[in-house]
Every structure is written in C-alpha cells, then in structure tokens.
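J.: After the sequence you'll find the predicted model.
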Amino acid sequence: MADSEAQDNLNKAVDTPTDTPASKAVAPAAVAAPTTAPADGTAPSALPQHATGANPNRFEHPTNKAEWLNSHYLNEDHSLTVDAYTKVTVTGGGDAWWRGSHINWALELVRNRYFEHEDVGIAIPHWCNMMYLAETVPDYLPTDKEDQAYKVAWGPMITDLGNKDIVILPVNDGYQGAAATYAVYTGALESANIAKEEVRKAQEEVERTDKEARKSHKKAEKADQEEVDKEEADKQEVNKEAREVQKAVNEARETLRKAKADEKKAKEAQQYSQTAGAHWSFIVVDRRDRNHPRAHYVDGMVVPQRRSNGRWAITNIEINGRIAGQVLRGFDRVFELPEQGFEAHTLKFVPNMSRDNACRDNGPCGPHLYAFLDHILGRKTTLIDTGLHTTFDDQSLRSLRAREFNFNSRTTRERFTEELFAERKKYEERRPDLAVANLTRGVLNDLTTVNGLIDLVKFVKKAPPSKSGTKGVRPQGNAGGSNKDDDDDDDDGSSDFGDDLIPKAILQIEIDENPGGVYTGLSRREYYALAYNTLRDAQAQHDRNQKTDQSDPKIPDIYLGKHRYRNVPRDNLRIFPPLAADDRYTKPRNETSVPNFETVPPPTIRKWYQSNFEKVAESENWDVACRARLYVKIRKSLLGQSDDILE
C-alpha cells in the first residue's frame, strides 16, 4: 500500500468516481499527474462544488445540511463522504451502485484484513485506470523513468505491486471514457495556450500604440498654431489605430475566455467522464511461476452456456470483458513485461451476483466484488494457491462453491457499513476536533425541520446497534422530497393518527416501504394522511374479499377443451341425474378411452355418456362425464351466462 503522502497525491490526481463504477479518477497527464480530480468514484463526485457556500472547512466542519452530506466521513487512506456512507446499504435504484470511494474503502479493508498475505497486492482503481490509458492512449506512459513527474505519478504503483506474486486489478467500464476525455483535455490546453499567446501579442501592440499616442500629444502641444490642425489630425489617426488595436485585444481576450472555459469543461469532463461506469469486476494476476504467468478474469455477471458439442461458452461479460483485457495489457506495459505473456481466461463458474444472491439488489456488483475477494483471500491456501481455474472452471464444483460463498448482498452491505462506522470512530479518536459524524451545531440547526430530522434519524439508522443492550426507538424513514419547515398540525405528541387511531409507527412502515413516489414533496401530516388512507382502504378491500369468500363457497371450475365453466354445482340435479350410492364407485377409466368432445358429433358424445355415466361416477373420470353432459346440453361456454341457461 502506498504511503499516505503518495496516496494523497494520487487522490488529488485521480480519485475514482459504479455498480457504478470504478475509479472515477481524473486521468493524469501523459507526463505528469493532473492536479485536480473528483473525490468520488462512479457516481457524480461526492464532493460537488455547488451549494457548499464559501466555508473553507466545509469538508470536515460543515455548517448546513448540504455541506454535511458532502463532508468527509472518512478522509485518511481514501475519501468517503457522509452522503456516500448513507447509501452503502441501499439496494434499489441508482443509489445501489457503489461509487469509486466505496470500492476504494472496500479494497482498503480487505487489504488490511489480510495484511499477512505479503505476496498479494491489491491495486486501487485509479492505478488500473492509468494502466488502461497506458494501453489505449499513445504516448500516455512516459518513457523517461528518471523524470520526477513519472516518479510521482507512477512510482507508488510500481513500488507497491512490482514485487507481488498475486495482484488484484479492479475493472470498471468507466475507464473507457478516460481516453476520449484525455484527448479533449489536451486539445483544450493547447487552445488555451494559443489564446494566451494571442493576448500577449495584442497587449504588446496596445502598449506600442499608446506610446506613440503619448508622443503625438506632446508634439502637438509644442507645435505652432498653424501646425495644430495637422497634428490634431495625426493624433486622431493614431487614436483610431489604438482603438482598432484595443478592439483586437478585446477579441483576443474573449478568445482566451472561451479557451479557458473549454479548458475548465475539459478538466471537469476528465474528472467525471467515468461516472457512466455501470459494472465492477476484477482480474487476479498470478505470477508465482514467472515462466508461465496466469491472469484470471472474475466477473459476477458471467453466464456459462453449454454448446451442442459439449463445450462451454462464456456469455454476459460484454460490459467489462474487453476493458479487462486492455487493463491487463496496460499492466504489461507499465511493468515492462512481455506483451501478452499471460495465459488469460475468464473463470466460468464464479457464483453469479444476481442468480446466486439471496437478496434482490439493483447494484450487486460492488458488494459481489468485495465479498468474493474477501472469500478467496480468506481461503487463499485452498482457492488461490491451488489455482483459481482448478476450482472455478470445474462444473462439478459449481454448486458447492456457490453454497460456500453463500452470497447475500444485503448482509455484505450491512457488514461494510459496520466496518466503515468502526473506521470513523478510530478517525474521531485521532481527530478530537471533529464533531461526531460531522454533526456540528450549524448542521443540527439546519436539520431541525421535520424532513431534516427524518434524514438525520435515517443516517443514524446506518450505524450498528449499540452493544450496551439499550433498545432504541425505531428510526423513522424519509418520506422524501420536502425541504419545507412544515410541522403543520401533526406536532401534537400523539402516537396515533386518524379517526381509527392507527399507530404512527405503522404508518411510517408503509412510508418506508414505499420511498419516493406519491410521498415525495409532502409535509409530514400530508404523508401520514396519505399512508393512513392507503392502509384503511387496503383493510376495507381485504374485509370485502373475506366476506365474499365466506358467503360464496368456491366451486371448482369444469373445463371442456378451451372452454371453462364456472360455478356449476356437481349436485345440480337439473344437469346431473342422481345416482344410487352403490353405483358411485368404479375403477378409473383409461384416459385414452375418453373421446375428444370438441371434435366428435353430439350423438356420439350422448351415446358415450349414456353408456359410461354410471360406471365412472365418483371416479377420476367423474369430471370427464360432467363435461360431456354439459357439452351435450349447451354447445357454448357458460362464462357470463345466467344460471337460468342450465334449466
């Protein structure tokens, strides 16, 4: 792991923005690392530069809710905002995708957990992004290894991974945006430099014409009266020239302004270009045998399919598969290894992040990467040391390995949250100047609105339960959306709501289970009222359904070909003549002896019915006899017909 100073430089150069994605870091320049970068990974940067005011300490000492959400929850090895922390356990919508900051911390925790594996190196996503650029962008990798810029940008990676036998390389499809952005970035810098040169030349011309104008003015003052008119004309001509030059200067300055704006946009694009990343996977480089190195690609989306010839085809790796290959070739370039010297292949029978997931999750790739990496490193001697291909390419072990992995993205997210919470506590012990979870007085004042407090309680809900045994109040969910200080009429201290006195806790459950949507933008009383009406209507409908079920005993439907006859009682004597008890049992008839009532003429059905009715009573073919009788009497479906039609 890189030392803290080098890591800080890397974070500034490129902190990777998931599910999204991987490192959403700013790509370093071809010769030197850039000086700015997004603070987060795959989603938009966790440190946006809007709505944070002018507070210089906002990232550690926020003064309002917006600053609090964008403040640093953790900021030592990697940056993680409060907003990113609160979304770790989200399993639905776009927030379910882990950002680059989530992955950075997941890898950091795994790295620290298995520090005794000295032969294992785990790359940060930013380094893998650099490897991708080294392969895809011409001249991106500097050739002068003694250059200071090279040592700063590439040195920590080479030092940390160069001597490792096992190297983990996280992969994200967001990397592919860096190459195009790099071209835009360098083009904008070139345009800005040209514009600066034009402004410099124009400014020199302005100074020259100003100097000539001053000389002309002095000469006019000394001239005789008869020469004044001529000198005045000369002065006006010089002034005209000066105005034209000034116009050119203004145009050059406008060009410079536009160039700087383009440069700024390019830098922003470079920082956030990878926010479109949608999937995380990783490569396990195995260099223990330097003469026969291997590279195993691990993708939680992989779906093997058996071909007609008995061989297996690998599918569903289109998102990251090609990018993983380019990262691996970039690894070759950076560490000056023989090109394509690895025996590389995709592990076919890796537990699937969705099919083998006990939780329904909209963004399981981040948790899957974290859990699976933890799984194989925790069983290194049996899974990695023996060769991952011997385990996860063997179909006979497929179900066994899936059961051993026992993936549940929800429990993985919860575990990750608890680990981050523990890291924050350690961070606060080292930084006594910090408020608990950055909840300063200003933030608390800003949160003392109904929805603000709901947000706060929802944040506290992310923390692991107290080990003291104290049972806390159930946290209230966020009904979402409203920023108004509208306590309305609901601040009455009552725990119930409505005429039927439904407990507010029950109403809150309904609200929690339906975040956003119809509850968005409502005041507290409004969304309680909506939840109350929803639950009351649902109960009324349930009561009506139950009453109908009790009053109308269900009668099995009778099917005849494509027709279905509903509510036809078997004891209706108008249709089925009574039978003596002695005649109601016989052995089931062979189904092949039953005619197709839709294809044979009614006389044939009638003849069959008369000869078989009493023989099949109460047998397995009793239903067949009933259908035959119905078909003889009524040659159409009874659906929608009145009971009188049976008479």
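T.: Yes, it's here.

J.: what's the domain layout of this structure?
T.: With domains defined by the TED database, the chain comprises 89-173+278-432, 178-274, 594-646.

J.: So which of those is nearest Thr440?
T.: domain 89-173+278-432 (13.1 Å; CB to CB). Any C-beta I mention is one placed from the backbone N, CA and C, and that applies to glycine too.

J.: Out of the domains of the chain, which gets the lowest mean score?
T.: Confidence, taken as mean pLDDT, is least for domain 594-646 of the domains of the chain (a mean of 54).

J.: so is Leu74 in a helix, a strand, or just coil?
T.: Assigned with DSSP: H, G, I helix; E, B strand; the rest coil, Leu74 falls in the strand class.

J.: And it, what's its pLDDT?
T.: 92.

J.: How about the contacts made by the spatially closest residue to it that is not a sequence neighbour?
T.: Using CB to CB, 6 or more residues apart in numbering and skipping the chain neighbours, the partner closest in space to Leu74 is Leu80 (4.3 Å). Counting by CB atoms under 8 Å, 6 or more residues apart in numbering, Leu80 touches Ala46, His72, Tyr73, Leu74, Ser101, His102, Asn104, Trp105, Leu420.

J.: separation between the fourth one and Asp537?
T.: Translated: Leu74. Here the criterion is CB to CB, to the nearest Å. By it, Leu74 lies 45 Å from Asp537.

J.: go on, the third one?
T.: According to CB to CB, Tyr73 stands 41 Å off from Asp537.

J.: who's more crowded, those two?
T.: Taking neighbours as other CB atoms under 10 Å, Tyr73 and Asp537 compare with Tyr73 leading, 24 against 10.

J.: picking up where we left off before, nearest to Glu60, out of the domains of the chain?
T.: That would be domain 89-173+278-432 among the domains of the chain, by CB to CB, at 8.0 Å.

J.: tell me how far the ends of that closest one are from each other?
T.: End-to-end distance of domain 89-173+278-432: 28 Å, with CA to CA, to the nearest Å as the criterion.

J.: now do stretch 291-305
T.: First-to-last residue span, stretch 291-305, CA to CA: 32 Å.

J.: any idea which of the domains of the chain is most buried?
T.: With neighbours taken as mean count of other CB atoms under 10 Å, these reach their highest mean count in domain 89-173+278-432, at a mean of 19.

J.: before we move on, back to that, of the domains of the chain, give the one that comes closest to Ala529.
T.: The nearest among these, by CB to CB, is domain 89-173+278-432 at 25.0 Å.

J.: Skipping its backbone neighbours, what lies nearest Gln395 in space?
T.: Closest residue in space to Gln395, ignoring its immediate chain neighbours: Phe349 at 6.2 Å, by CB to CB, 6+ apart.

J.: In contact with that neighbour, which residues are there?
T.: Pro304, Phe392, Asp393, Asp394, Gln395, Leu397, Arg398, Arg401 are the contacts of Phe349 under CB under 8 Å, 6+ apart.

J.: Next step: these restricted to strands.
T.: Pro304 (DSSP state E).

J.: could the contacts of Phe349 go into TSV alongside distance to Gly121?
T.: Output for the contacts of Phe349, formatted as TSV (distance: CB to CB, whole Å):
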residue	distance to Gly121
Pro304	29
Phe392	21
Asp393	24
Asp394	27
Gln395	31
Leu397	27
Arg398	29
Arg401	24
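
J.: Check the contacts of Phe349 against Ala153 and report the nearest one.
T.: Ala153 has its nearest neighbour among the contacts of Phe349 in Phe392, at 34.8 Å by CB to CB.

J.: So that closest one versus Glu414, what's the distance?
T.: Phe392 is 26 Å from Glu414, by CB to CB.

J.: what's the helix or strand for the nearest residue to Leu373 once chain neighbours are set aside?
T.: Nearest-residue entry for Leu373: Val110, 5.5 Å, with adjacent residues in sequence omitted and distances by CB to CB, 6+ apart. Using DSSP states H and E, Val110 sits within helix 100-113.

J.: try Ala295
T.: Taking DSSP H and E as the definition, Ala295 sits inside strand 294-298.

J.: and that strand, what does it pack onto?
T.: Counting contacts by 3 or more CB pairs under 8 Å, 6 or more residues apart in numbering; DSSP states H and E, strand 294-298 packs against strand 280-286, helix 321-334, strand 343-346, helix 388-392.

J.: which other helices and strands contact the next helix or strand after the shortest one?
T.: Think strand 343-346. Next along the chain after strand 343-346, taking DSSP H and E as the criterion, comes helix 365-378. Other elements packing on helix 365-378 under the criterion 3+ CB pairs under 8 Å, 6+ apart are helix 100-113, strand 280-286, helix 398-405, helix 409-430.

J.: thinking again about what came up before, any idea which of the contacts of Leu80 is the one closest to Asp332?
T.: Asn104 (24.3 Å).

J.: Can you verify my assumption that the closest one contacts Ile122?
T.: No. Using CB atoms under 8 Å, Asn104 makes no contact with Ile122, being 10.6 Å away.

J.: And for the closest residue in space to Tyr427 that isn't next to it in sequence, the neighbour number?
T.: In this structure, Tyr427 finds its nearest non-sequential neighbour in Leu74, 6.0 Å apart by CB to CB, 6+ apart. For Leu74, the neighbour count with other CB under 10 Å is 21.

J.: Verify the stated contact: Leu74 with Trp105.
T.: Yes. Here Leu74 reaches Trp105: they are 6.9 Å apart, a contact under CB under 8 Å.

J.: got the contact list for the nearest residue to Ala106 once chain neighbours are set aside?
T.: Excluding the flanking residues, the one nearest Ala106 by CB to CB, 6+ apart is Tyr370, at 4.1 Å. Tyr370 makes contact with Ile103, Ala106, Leu107, Val110, Thr412, Phe416 under the criterion CB under 8 Å, 6+ apart.

J.: which phi and psi does the residue lying closest to the last one once chain neighbours are set aside have?
T.: Nearest non-adjacent residue to Phe416, counting by CB to CB, 6+ apart: Val88, 5.7 Å away. Torsion angles at Val88 (phi, psi; degrees, to the nearest 10) stand at phi -60, psi -40.

J.: What's the separation between Val88 and Ser409?
T.: Using CB to CB, we find Val88 at a distance of 11 Å from Ser409.

J.: Glu251 too?
T.: 58 Å.

J.: that older thread, pipe the domains of the chain into TSV and attach distance to Asp543 per row.
T.: TSV is the format used below for the domains of the chain (distance: least, CB to CB, whole Å):
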stretch	distance to Asp543
domain 89-173+278-432	31
domain 178-274	54
domain 594-646	27
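
J.: Which of those domains sits closest to Leu444?
T.: Counting by CB to CB, Leu444 lies closest to domain 89-173+278-432 out of these; the figure is 16.6 Å.

J.: Noted, bye for now.
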